[in-house]
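**Student:** What would the 3D arrangement of this be:
(chains A and B)
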Amino acid sequence: MTEASKSTSIGNFALSRRTLLIGAASAAAIPMISSRAFAQDAPRKGGIMRVAMGQANTAEALDPGTYSTSLSIAFAFCRGNNLAEYNKNDELVGELAESWEASPDAKVWTFKLRKGVKFHNGKSFVADDVIATFNHHRRADSTSGAKALLADITDVRADGDHVVIFELVNGNADFPNVTAGFHLIILPSDGKGGVDIASGAGTGGYKMTSFDPGVRIELVRNPEYWKENAAHFDGVHLIAVLDAAARNNAVVSGQVDAAERNDTATIGMLSQNSQLTIDETPSAAHNNFAMACTMAPFTDPNIRLAMKYGVDREDILRKTQFGHGYVGNDHPIAKSNKYFNTELAQTAYDPDKARHYLRQAGVESLDVELITSEGAAAGAVQAAELFSSSAAAGGINISVKRVPSDGYYSDVWLKSPFAASDWGGRPTADLAFTVGYAKDAPWNETHWQNPKFNELLVAARTELDEERRRGMYWEMQELCNRDGGAIVLNFQNWISVRTNKVAHDAAVSAQWPLDGYKAFERWWFA
Amino acid sequence: MHALGRTILYRLVLGLFSILAVSVVVFSALEFLPGDFAASVLGRSATPETVAAFRQELGLDLPPVQRYLAWIGGLLHGDLGTSFAGRAYTPRPVADIVLPRLGNTLFLAAVTAALATPIALFLGLLAALYRNSRFDRLVNALTLSTIAIPEFLVAYLIILVLAVKFPLFYSMSSLSPGMTLAEKLYLVALPVLTLSFVIVAHMMRMTRAAIIGVLSSPYIEMARLKGTRPWHVIFRHALPNALGPIVNVIAFSLAYLVVGVVVIEVVFVYPGIGQTMVDAVRNRDIPVVQACTLIFAVTYITLNLVADIVAIATNPRLLHAR
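**Tutor:** From the prediction side, this is the model:
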């Protein structure tokens, strides 16, 4: 009650002040603008944003090379900036880089850096910092999580204080996307070729005030932040709350202002709470059943198609993810990706077609064993049971074999003809295909070797013409859909819950939960 | 008292040997853990050379006996070693990771014990005194229920009632730097309540059983026959002879509060030592695992030692054992 009256009075104040500013010029139009519109248009400063984070690990240190959980990814984006970032519409835009351009073979990339940016420790941001940061992650004895992503870099050099040139051994049209990764926030150089890690300084909207990895990280607003109209909170408290029920309790009882990675089973209950708002964005993370194209009976593409028509994706999505997500179409490209093939027909459950393709393969019925595990993916055991019952109508008899979680990914996955798996989202189409579908990829779980696909994959990587590149990725998705060995069941949603006091723009990024973990500089207290 | 002093010394030496034995067991058990820190940190894409270089940096390439002696040598100097996490850029001594968490755990344990022990003893005595009355049955039914219900369910029920439906307390006991004692006590109210339910039941039932056991002895009958008042019988004649088993269950409960509350830590987001150890095992951060295990062992051994000594001191028959 008091909250409501308070916000109304603030809204009225905004209206009267705005009225004064706009003056007589458009006086007639003013009564038509609601005070609410103003409250949303202009973010207000202030308040401590407290967020319950769903993943944390005490082994993570200040070095961004050690980051892997949501607590530290959010921390990285609070305290630092990258060369490029995804904006709220998921377009790649410059952050510490103003612009970039590539050589025609996409092997040499020139980044123009922003001027007048300062680190929290007072140092000015220059090309040396970029070089030191990238070398920190890619040097021979590096243990950074970003090392593999930067393996193609042969040289990073400065051209003056505000230009950095990267040379790659293989062309990569997605190189600017690589620089937006959370490991690669720019750290201040120590002047001796290394980076200053111990101070915790960055160029970001918040400065670290206390750091207890795996438990709690506190930050205050950086008053000299270079971004305009960003970092509205006075401070940010990132609190590790590993138990999903505890995260819900914390946001329901008002001890935090937002909580992320909420259990899909509880979203229905939370949505009935009038004090809370749920944000859901489609992620690129997905669940698969992988058929090994080199092992019987999946060597025949007709058998693979029969299997794809035997699975009821909608039913599995409804029963294992409570509808929070969207069905897959047997390729790893998410709807939020700009190369998502919007014209590819959705493969839907059709037992008659399953039977038809079995006959094409010369068999009347098929017996296969599907290996699954609790540890393979959330809901993987239930999904396998559902698949088994839906496929029976098409003449496919699936016996579900459940194995222990421990050691599933080291001993079972990649070594079985037919097994469940779980894929984290990759930011670009190239990465999604390269890590899991290319012929020599270590994680090519289906052992798929399609010459046309592999040819397109290499060609698309260096193709700088958008139109032609899109055509290639669309064709690759179709190849996966018709010929590939992966049954992509469903993509998951990123889910976060906030109290109604927290406001944000209509569009939010789907790179990660919480506006791609940029909520801390984009959201505000209404 | 000479005999008691000698017994204590003897027990202390035995305790030290137990701790030494535990340290050997812990060290060898960790040697057998599948996977190692270097490989788990560097991931599947790391080349064997990188892994080897990293193992050398961590000292994992040395023979186990040498590493064990280095560890024990450090311990004798009060040095718990350096965590594998953080490493070259921001090295973190194990003590910096473990001790603040241990402090939090001891705080929670101390508050719980201070609340639960008197209540448990009082309820136990009352139940013994009025045994088979309605009060006795009620207390028994309540405590047996709290033993039977898993602790995390008790925790969720308490949160549901006292933090969500009637928001009197916080559901999350996440401590932050610079809090006053009063703020801390308010924050830990719900975990303390939950843990109290669990340990009150054990202590109360043991108190009741021990007292009732003693109350059936002939010398209590004698005391009654000579007309001693019921409370006097219990405090002066029964309690001292029942103290041994009671102190034992109290010690056991205290040990549980220090080493066994990781579930409660997770539910209430309390930064205790249990979660530290779970994280460390997952990360294969061996120095932290070793430190935590050793702290747990020392806690158990010390509390058992104290319980034994109290039992011996209050029972002359044990002191002058023949």
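**Student:** Could you list the domains of chain B?
**Tutor:** With domains defined by automatic domain parsing, chain B comprises B:3-63, B:94-319.
**Student:** interface residues of the stretch 101-250 of chain A facing chain B?
**Tutor:** A:141, A:143, A:145, A:147-148, A:197-198, A:210, A:212-216, A:218, A:237, A:239-243, A:245-246, A:249-250 (Cβ under 8 Å from any Cβ of the partner chain). All C-beta spots, glycine's among them, are computed from the backbone N, C-alpha and C.
**Student:** interface residues of chain A facing chain B?
**Tutor:** Residues of chain A found near chain B, taking Cβ under 8 Å from any Cβ as the criterion, are A:52, A:57-63, A:66, A:141, A:143, A:145, A:147-148, A:197-198, A:210, A:212-216, A:218, A:237, A:239-243, A:245-246, A:249-250, A:252-256, A:442.
**Student:** one step back: tell me which of the residues of the stretch 101-250 of chain A next to chain B fall in helices.
**Tutor:** Judged by DSSP state H, these include A:A245, A:A246, A:N249, A:A250 as members of helices.
**Student:** OK, contacts around the first one?
**Tutor:** To tie it back to what came earlier, the one meant is A:A245. A:D263, A:T266, B:Y156, B:V267 (Cβ atoms under 8 Å, 6 or more residues apart in numbering or on different chains).
**Student:** Output the residue of the stretch 351-500 of chain A whose distance to chain B is smallest.
**Tutor:** Closest to chain B within the stretch 351-500 of chain A is A:P442: 7.2 Å, counting by Cβ to the nearest Cβ.
**Student:** Check that residue and give its pLDDT.
**Tutor:** For A:P442, the model assigns a pLDDT of 74.
**Student:** For it, pull up the helix or strand it's in.
**Tutor:** Taking DSSP states H and E as the definition, A:P442 sits outside all helices and strands.
**Student:** Give me the neighbour count for it.
**Tutor:** For A:P442, the neighbour count with other Cβ atoms under 10 Å in any protein chain shown is 11.
**Student:** Name whatever forms a beta bridge with the nearest residue to A:I48 once chain neighbours are set aside.
**Tutor:** Distances taken as Cβ to Cβ, 6 or more residues apart in numbering or on different chains place A:G235 nearest to A:I48, at 4.6 Å, with adjacent residues excluded. According to DSSP bridges, the partner residues bridging A:G235 are A:I48, A:V220.
**Student:** again with the one 4 residues further on
**Tutor:** Using DSSP bridges, the beta-bridge partners of A:I239 come out as A:A52, A:R216.
**Student:** For it, grab the count of nearby residues.
**Tutor:** By the measure other Cβ under 10 Å, the count of residues near A:I239 is 23.
**Student:** per-residue pLDDT, it?
**Tutor:** 93.
**Student:** what's near enough to touch it?
**Tutor:** Counting by Cβ under 8 Å, 6+ apart, A:I239 touches A:R50, A:V51, A:A52, A:M53, A:V215, A:R216, A:A250, A:V256, B:M172, B:S174, B:V269.
**Student:** Tell me which of these has the lowest pLDDT.
**Tutor:** Comparing pLDDT over those, B:S174 scores lowest. The value there is 80.
**Student:** In space, what's closest to it - neighbours in sequence excluded?
**Tutor:** Going by Cβ to Cβ, 6+ apart, B:S174 has B:V269 as its nearest residue, at 4.7 Å.
**Student:** Over to B:P240?
**Tutor:** Closest to B:P240 by Cβ to Cβ, 6+ apart is B:T314, at 5.8 Å.
**Student:** My guess is the one you found contacts B:I246. True?
**Tutor:** No - taking Cβ atoms under 8 Å as the definition, B:T314 is not a contact partner of B:I246, at 10.0 Å.
**Student:** The two: who's more crowded?
**Tutor:** More crowded of B:T314 and B:I246, by other Cβ under 10 Å: B:I246, with 24 against 16.
**Student:** quick one on the thing from earlier: would you mind listing which of the contacts of A:I239 are buried?
**Tutor:** Among those, the ones that count as buried by 16 or more other Cβ atoms under 10 Å in any protein chain shown are A:R50, A:V51, A:A52, A:M53, A:V215, A:R216, A:A250, A:V256, B:M172, B:S174, B:V269.
**Student:** OK, contacts around the third one?
**Tutor:** I take that to be A:A52. Neighbouring residues of A:A52 by Cβ under 8 Å, 6+ apart: A:I239, A:V241, A:A246, A:R247, A:A250, A:V251, A:V256, A:A258, A:A259, A:E260, B:M172, B:V269.
**Student:** Out of those, which comes closest to B:L75?
**Tutor:** Ranked by distance to B:L75 (Cβ to Cβ), these are led by B:V269 at 31.2 Å.
**Student:** where's the residue nearest to B:P240 relative to B:D308, distance?
**Tutor:** Per Cβ to Cβ, to the nearest Å, B:T314 is found 11 Å from B:D308.
**Student:** sorry, back to before: what would the buried ones among the contacts of A:I239 look like in CSV with distance to A:L71?
**Tutor:** Listed next are those as CSV, based on distance: Cβ to Cβ, whole Å:
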residue, distance to A:L71
A:R50, 13
A:V51, 9
A:A52, 10
A:M53, 4
A:V215, 9
A:R216, 9
A:A250, 14
A:V256, 13
B:M172, 15
B:S174, 13
B:V269, 12
